[in-house]
Each structure stands twice: as C-alpha cells, then as structure tokens.
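[1] Everything below, folded, please.
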Amino acid sequence: MILGLLKEQGAEQRVALLPEIVSKLVQAKVEVYVEKGAGTKAFQTDEAYRNAGAKIFSRDELLKKADLFVQIGEPSIEIIQSLSDKQVWLSQYNPLWNTDLVKSFLANNITSFSMDSIPRTTRAQAMDVLSSMATVAGYKAVLQAANELPNFFPMFMTAAGTIRPATVLILGAGVAGLQSIAIARKLGAQVEAFDVRAAVKEEVNSLGAKFVEVEGAIDDSAAGGYAVEQTEEFKKKQQEVINDHAAKADVVICTAQIPGRKAPLLIPTEAVERMRPGSVIIDLAASSGGNCELTKNSETVIYNEVKIIGQSEYPSLMPIDASKMFGKNVFNFLQLLIAEDGSLNLNFEDDIVKGTCITHSGEIYNERVKSVVES
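    All right, here's what the predicted structure looks like:
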C-alpha cells in the first residue's frame, strides 16, 4: 500500500503524521509518499521525512499515486472529484456537520474515514483524536486567558498589599474542561466548574476545583456518565446559577459541545452584562455556535468591557505536540487497516473500522451520519 500524506490548507499549522510515525509505517511495510512542504508549518522538514523513509512528491503526483490519503482537515470538493473509487480518504472532516462532503464522497464512490467518528470505547481510546485535541485546547485556553486578563492568576502577598487570586469558571467538565481546571489550578487561580452530569463531580473535586451544583436535578446515575433530559423548571434554575457564578468570575472558559449539534447556550447576553469590566470569556465551542450568545468564531468581541474570545483552533497553534498526539492516534487506527504484508485491509468486521468508516461502495456506513444525511 502507498500512503499519501497531504499538506494542510489554509491557516492549519499541524501535520497529520510526523516523521517518527512515518518511520513506523515504513517498518510496517507501507510505502509513504509525502507532499512537498507538508510539515513545514509544524517545523518538520522534507529532509526529515526522507530520513524516515518517505518519498517527497508534488500534490498532483501524490493524488495519482497513493492508495490511502491522510490529512487532518476536510478535503476540498475538487480533491474528492479527482480521486478514483479505488482510493481511500482518512481525515477529521466532521461528517455530522459537513453533510455535503459526505454526499460528494458518495457521488464519487470513495471510501472515506473520519477520525472524529471513532467509537467511544475502551479499545478505541488510543485512537481518540477528539480527546487528544481537547487536551491541547484546554491547556492553551487557560494560558490565553491568563495573558488577556488584567489581573494575576495566583494570590500574591506583597509590600504593596495582598493580591487576591483570580476566579475561573469552567463550563463543561469533559477532557478540555478538566485540562483547563488542572492548568488554572497550577497557575494559582480559584476554580469552579459546572457540568450537567453529576457523575463528573468527583473528577472536578480531585483536581482542586469546586463543583457547581444545582439542586433538584433528575438522577442521572444510571445514564452511564451521560446527561439526561431535565425539566424546564430545573433548566431555568440552572441558568440562574450559571449566571450568578459567571458574574463573580474573572475568567469563564466555555467547553460544552455536543457532536453534530449546535453548542448549548450557557452564557446569555444578560450574564455578560453582569460580569466585571476586564473579565475574559474563552469560548472553545465557537465553531459550533458558541456557549456564549455573543461569541463570534475566530474573533474577539469586546462587549461591556468584557473580552469574548471565540477560538476553536487551539491545537493548530501548538503544532508540534498537537501533531504528535494526532499522528499517534492515526497510527493506532491505521494498524487496523494494514495487513502483515503492508497492504490495505478494510476489515469491516472490526467495530472500530466500521464505526469510523463514513462512506464505502456508495453507501453510508456510519449509522449516526446516515440518519443525519438521510433525514
């Protein structure tokens, strides 16, 4: 099999595979072709890829030669149309949102896999790019908040008096939220965290943060760690509690997202109006609508002297380690597709392979994507 590593387009600085992963693929008897300059923005030279055993080609040459293409971002329609039905595409193209891309893969009879559709099972944890990239996002979000805030994060006792520690409110205690808690605590802030799932309280507390609870919730202990639908009365009370805590916070970091759906609104305009001048909101859910009503994706909005930063691309801003983590996840998945002789083996009896496959032989394989596209 020939694997083609493509250069990312636009502002993306990561690369899907670092030379160290390319070397492992070569050892697995896979030929690796790399597009010229693919790793430049992630500080990886073409020479490093050659030393790892890869061959360097132009994009046009690569698209003609490779059997399997690997990239982080979504492909252009032009690339999809240039592929043959014997070639396979692998990236993170968010099929629940980008249904037009799914339809384009179908129309051109292309087999495609999307890494953000990896099943959330114990066996698939080593391939979970969403968790890996959420770790990066949670880390970078706190650092930017500390840089933007006109206050110190930790408490200082000086000859000029005592400086109180900053108060940080984290909305959502998934991977990004828990990472944000850990970094904010290391920087000396007082941290509170809210999540609709009561099951995460122990994790939040173990990191040194206070879990924000809302009384009257329907018991979700039997829901396997997932949220359950609450009453309208509870939702109203929940919003009031969030607004009250946001008003007292110096920093609010929003991480709550639902795959394939608009991000839940947690910080309405009236909550922002109650926040102190100089406060900072970092919204990691910006690309799916944002948890803050005033968020604009990839923009900084200043409203009532509160800075609202819509940023969903933090992993791209940390390209070396983010590429390392992403590439390791991809390699772990590729091991399910590589036969002992290095050939491509699409084993759809494997639940991870089948679950990650979006299109194959003119059909949608992923049931969730199928229900969205055909609805």
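[2] what number of residues lie near the closest residue to Glu74 other than its chain neighbours?
    Leaving aside its sequence neighbours, Glu74 sits nearest to Tyr93 (Cβ to Cβ, 6 or more residues apart in numbering; 3.8 Å). No exception for glycine: its C-beta is placed from N, CA and C like everyone else's. For Tyr93, the neighbour count with other Cβ atoms under 10 Å is 23.
[3] How about the one 5 residues further on?
    A count of neighbours around Asn98, defined by other Cβ under 10 Å, yields 16.
[4] again, but for Asp116
    Burial of Asp116 is recorded as 18 neighbouring residues (other Cβ under 10 Å).
[5] how about Lys41, what does it touch?
    8, 12-15, 319 (Cβ atoms under 8 Å, 6 or more residues apart in numbering).
[6] switch the cut-off to 6 Å
    Counting by Cβ atoms under 6 Å, 6 or more residues apart in numbering, Lys41 makes contact with Gln13.
[7] May I have the predicted confidence score for it?
    Per-residue confidence for Lys41 comes out at a pLDDT of 98.
[8] Surely it is within a strand?
    No. Lys41: not assigned to a strand; according to DSSP: H, G, I helix; E, B strand; the rest coil it is helix.
[9] longest helix anywhere in the chain?
    helix 129-148 (DSSP state H).
[10] Mind listing the strands the very next helix or strand once past that helix pairs with, and their directions?
    The C-terminal neighbour of helix 129-148 among helices and strands, as given by DSSP states H and E, is strand 156-158. Sheet partners assigned to strand 156-158 using DSSP bridges are listed as strand 161-163 (antiparallel).
[11] Can you tell me what sits against the strand it pairs with?
    Residues contacting strand 161-163 (Cβ under 6 Å, 6+ apart): 152, 156.
[12] tell me the mean pLDDT over the helix or strand just after that strand?
    For strand 161-163, the succeeding helix or strand toward the C-terminus, using DSSP H and E, is strand 167-171. In this model, strand 167-171 carries a mean pLDDT of 98.
[13] Please apply the same query to stretch 349-368.
    Mean predicted lDDT for stretch 349-368 stands at 95.
[14] so who does the residue nearest to Glu74 touch?
    So Tyr93 contacts 74, 101, 114 (Cβ under 6 Å, 6+ apart).
[15] mind running it again at 8 Å?
    Tyr93 neighbours (Cβ under 8 Å, 6+ apart): 73-75, 101, 112, 114, 116.
[16] ok so, going back, buried stuff in the longest helix of the chain?
    129-146, 148 (16 or more other Cβ atoms under 10 Å).
[17] What of stretch 270-287?
    271-272, 275, 279-287.
[18] among the contacts of Tyr93, who's most crowded?
    Ser112 (29 neighbours).
[19] That one: what secondary structure?
    Going by three-state DSSP: Ser112 is strand.
[20] In strands, which of the buried residues of stretch 270-287 fall?
    For the buried residues of stretch 270-287, membership in strands holds for 280-283, with DSSP state E as the criterion.
[21] and which of the residues you listed is nearest Ile242?
    Ile281 (12.4 Å; Cβ to Cβ).
[22] Just confirm the closest one contacts Gln311, I think it does.
    No. Using Cβ atoms under 8 Å, Ile281 is not in contact with Gln311, being 10.6 Å away.
[23] give me the number of residues near Gln125?
    12.
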